[in-house]
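*Asks:* this is a predicted model, with the sequence first.
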Amino acid sequence: MSLLFLQDPPDTFRYFYAGYAVIFLVLTFYVISLIVRWNNLRRELDALEDLEKESK
Amino acid sequence: MTPTPRALRVLEIVSLLLLAAAIWMVFFYAPLEAVMGAVQKVFYFHVANAWVGMLGFIAAGVAGIVYLRTHDLKWDIVEVAAVEISLVFFLITIVTGSIWAYPVWNTWWTWDPRLTTAAILELIYVAYLLLRQGIEDPERRARFGAVYTLIGALSVPLTFMSIRLFRTIHPVVIGAANPGAQGSFDMTPKMLQTMLFAIAVFSIIFITLFWHRIRFGRLQQTVEQLKLKLSQ
């Protein structure tokens, strides 16, 4: 009789996938932003160092 | 700027391997919760992100105290690095919480004490980054940042304790149970192991990103100093 009351868990897989997609998208976006900003700053530093050499 | 230290390279690889292991545990090791189904598994990374987010905000407050005592600008770099990374992790916490809430609470958002204090916490530090940009003088900017993060850090224990102090529908998974909570569940040993492992993994990811962000801050400082030197 008690078997009649047993139910499968609800299908909430799409929320589960959406949650993990958000985690990886945000983390990937941040890592890429850090790399891009680092490269831009590196280029700026090289240009400033060249300018410093010229001014000497 | 010195090349990337070997230890940091090792840490990057270890972080990626551990992240893969944590994903495996979430997908295949942790059991499916009977009432909520698969969406409950969002909880493992949600809690881990909240942990490192709050830890970073506290670390920023500590760096602020050290700056006020030493007036060494390197602590300002540490402080802003901690805030920036914590903002990312805490944003993930808020968004994943909202995704979990929809099938469980039947709403994406409610002005519950935990959700409200978490949103305020995130906004406090968004404002910190915006306000910093308006200050040109590095010493003044660092002093402002130190005082701000010190006061801002007070909202971390308030956010953490909000589900214990106020009437809320947010579940209390660790410690005392919340009778008014919707979406509570009893953790099995496998669930607990997965949660603790995810917390450890995200702590290591935090350290890796923190180290990178501090190096970026030092590069920013070098560029700023060189610009100042050339302008004189």
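*Replies:* Thanks, I have the structure now.
*Asks:* only C-alpha atoms from now on, for both contacts and neighbour counts.
*Replies:* Fine.
*Asks:* OK, now which residue of chain A is nearest to chain B?
*Replies:* residue A:16 (4.4 Å; Cα to the nearest Cα).
*Asks:* if I look at that residue, how far off is residue B:39?
*Replies:* Distance, residue A:16 to residue B:39, by Cα to Cα, to the nearest Å: 4 Å.
*Asks:* who touches both of these two?
*Replies:* Shared contacts of residue A:16 and residue B:39, defined by Cα atoms under 8 Å, 6 or more residues apart in numbering or on different chains, are found at residue B:100.
*Asks:* re earlier: enumerate every residue touching the residue of chain A closest to chain B.
*Replies:* Shown in contact with residue A:16 (Cα under 8 Å, 6+ apart): B:38-42, B:100.
*Asks:* so which of those comes closest to residue B:10?
*Replies:* Nearest to residue B:10 among the contacts of residue A:16: residue B:42, at 28.2 Å, using Cα to Cα.
*Asks:* now do the same contact list for the closest one.
*Replies:* So residue B:42 contacts A:16, A:19-20, B:96, B:100 (Cα under 8 Å, 6+ apart).
*Asks:* let's verify it: helix, strand, or coil?
*Replies:* helix (DSSP: H, G, I helix; E, B strand; the rest coil).
*Asks:* re the thing from before, look up how far residue B:202 lies from the residue of chain A closest to chain B.
*Replies:* Distance from residue A:16 to residue B:202, counting by Cα to Cα: 19 Å.
*Asks:* how deep is residue 8 tucked in, by neighbour count?
*Replies:* As the question left the chain open, I've gone with chain A. For residue A:8, the neighbour count with other Cα atoms under 10 Å in any protein chain shown is 8.
*Asks:* should've been chain B
*Replies:* A count of nearby residues for residue B:8, using other Cα under 10 Å, gives 15.
*Asks:* how about residue B:143?
*Replies:* Counted by other Cα under 10 Å, the residues lying close to residue B:143 total 17.
*Asks:* where do the helices sit along chain A?
*Replies:* For chain A, helices defined by DSSP state H occupy the ranges A:13-55.
*Asks:* surely residue B:159 touches residue B:114?
*Replies:* Yes - at 6.2 Å, residue B:159 counts as touching residue B:114 under the criterion of Cα atoms under 8 Å.
*Asks:* which neighbours do those two share?
*Replies:* Residues touching both residue B:159 and residue B:114 by Cα under 8 Å, 6+ apart: none at all.
*Asks:* more neighbours: those two, which one.
*Replies:* Between residue B:159 and residue B:114, counted using other Cα under 10 Å, the more crowded position is residue B:114 (24 against 21).
*Asks:* pLDDT score for that one?
*Replies:* Per-residue pLDDT puts residue B:114 at 93.
*Asks:* who does the helix or strand where it lies touch, helix- and strand-wise?
*Replies:* Here residue B:114 sits within helix B:113-133, counting by DSSP states H and E. The contact analysis (3 or more Cα pairs under 8 Å, 6 or more residues apart in numbering or on different chains; DSSP states H and E) places helix B:113-133 against helix B:74-105, helix B:138-152, helix B:155-165.
*Asks:* how about TSV for the ones you listed, with distance to chain A and mean pLDDT added?
*Replies:* Shown next, in TSV, are the helices and strands packed on helix B:113-133 (distance: least, Cα to the nearest Cα, whole Å; pLDDT from 0 to 100):
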stretch	distance to chain A	mean pLDDT
helix B:74-105	5	96
helix B:138-152	18	95
helix B:155-165	21	90
